[in-house]
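**Student:** Coordinates for the following, if possible.
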Amino acid sequence: MDGGLRERKRAATQEHIERAAISLALEHGFENVTVDMICAASAVSQRTFFNYFGSKEGVIVGGAPLMPSDEHIDAFTRSTGSNVLADFLTMITSSLLEREPDAALFKARRELIMRTPELLARETARMGESEDQFVAIIITRYGLQGRHRADHPELEDEARMVVALATGVLHYVRRRWVSARPGASTRDLLSSSIELIQRITNDHPRQPKGTAY
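**Tutor:** Sure thing, here's the model as predicted:
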């Protein structure tokens, strides 16, 4: 079977199971839903379920966050550009654009996570782990640019601020996406947001006419 077709079939099966699980959890409450119920609703075996997801919690919060490819990470860390935020956003969105998300599934998942403390705690912990990985990547870039923590103890705080700002941009994009017209492209929204960040972080305030220094 063609590799691309195999991946599409796998993605379709995964999304089908996720839809069934989230729908059941929204209707009955997460704590009342079992793996057997999810398998019956999605017409898959338990073996198939556990091949895709390690647990009931896993199917609700989704798979592990997509990390940028080694190629994209290498390009980011070796870049000599000064706009680390825009470059970082470009890197992390490379993985997000590999698969166009489904707006209805995204909204249903967020609703369920926000109403379920157990899931919210897991999602928060997972986001913290991803943040640590991204901070390490940014620190590597700084090191290749000749800035090292031994001489610049503020670098980790700076790297965490970059990740925090990028996270805010992604939240902004998600809000625009879920409220946009059906079929709106996340690619276009992400691209326009990165362009906006580049303008904000690169442009200098214009000097008012008649002002002398």
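
**Student:** hey, let's count contacts and neighbours off CA atoms from now on
**Tutor:** Will do.

**Student:** show me the contacts for L190.
**Tutor:** T93, L170, V173 (C-alpha atoms under 8 Å, 6 or more residues apart in numbering).

**Student:** Of all the residues in the one helix or strand it maps to, which ones are buried?
**Tutor:** Using DSSP states H and E, L190 maps to helix 186-202. By 16 or more other C-alpha atoms under 10 Å, the buried positions in helix 186-202 come out as T186, R187, L189, L190, S191, S193, I194, I197, Q198.

**Student:** can you redo the residues you listed as CSV with distance to F49 and pLDDT?
**Tutor:** Converted to CSV, those look like this (distance: C-alpha to C-alpha, whole Å; pLDDT from 0 to 100):
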residue, distance to F49, pLDDT
T186, 28, 67
R187, 30, 70
L189, 33, 74
L190, 32, 74
S191, 35, 76
S193, 36, 77
I194, 37, 76
I197, 41, 78
Q198, 43, 75
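
**Student:** domain parsing for this structure?
**Tutor:** Domain assignment for the chain by automatic domain parsing gives 1-63, 64-204.

**Student:** tell me how far the shortest one is from the chain's mean position?
**Tutor:** What separates the centre of domain 1-63 from the centre of its chain is 20 Å, taken as C-alpha atoms, centre = their mean, to the nearest Å.

**Student:** now the longest one
**Tutor:** Between the mean C-alpha location of domain 64-204 and the chain-wide mean there is a distance of 6 Å, by C-alpha atoms, centre = their mean.

**Student:** Test my guess that V61 contacts I113.
**Tutor:** Yes - using C-alpha atoms under 8 Å, V61 is in contact with I113, at 7.3 Å.

**Student:** and for the two, which residues touch both?
**Tutor:** L119, E123.

**Student:** Pull out the buried residues from stretch 142-152.
**Tutor:** Residues of stretch 142-152 classed as buried: Y142, H148 (neighbour count, 16+ other C-alpha under 10 Å).

**Student:** Around R6, how many other residues sit close by?
**Tutor:** By other C-alpha atoms under 10 Å, the residues close to R6 number 11.

**Student:** where in this protein is pLDDT low?
**Tutor:** Residues of the chain that meet the criterion pLDDT under 70 lie in 1-4, 63-66, 95-101, 178, 180-186, 202-213.

**Student:** Regarding it, what is its longest helix?
**Tutor:** Longest helix in the chain by number of residues (criterion: DSSP state H): helix 117-144.

**Student:** which other helices and strands contact it?
**Tutor:** When contacts are defined as 3 or more C-alpha pairs under 8 Å, 6 or more residues apart in numbering; DSSP states H and E, helix 117-144 packs onto helix 56-61, helix 70-78, helix 103-115, helix 155-178.

**Student:** Can you mark which positions in that helix are buried?
**Tutor:** Of all the residues in helix 117-144, those buried under the rule 16+ other C-alpha under 10 Å are 119-120, 123, 130-131, 134-135, 137-142.

**Student:** Now for V33: which residues touch it?
**Tutor:** Applying C-alpha under 8 Å, 6+ apart to V33 gives the contacts L24, A25.
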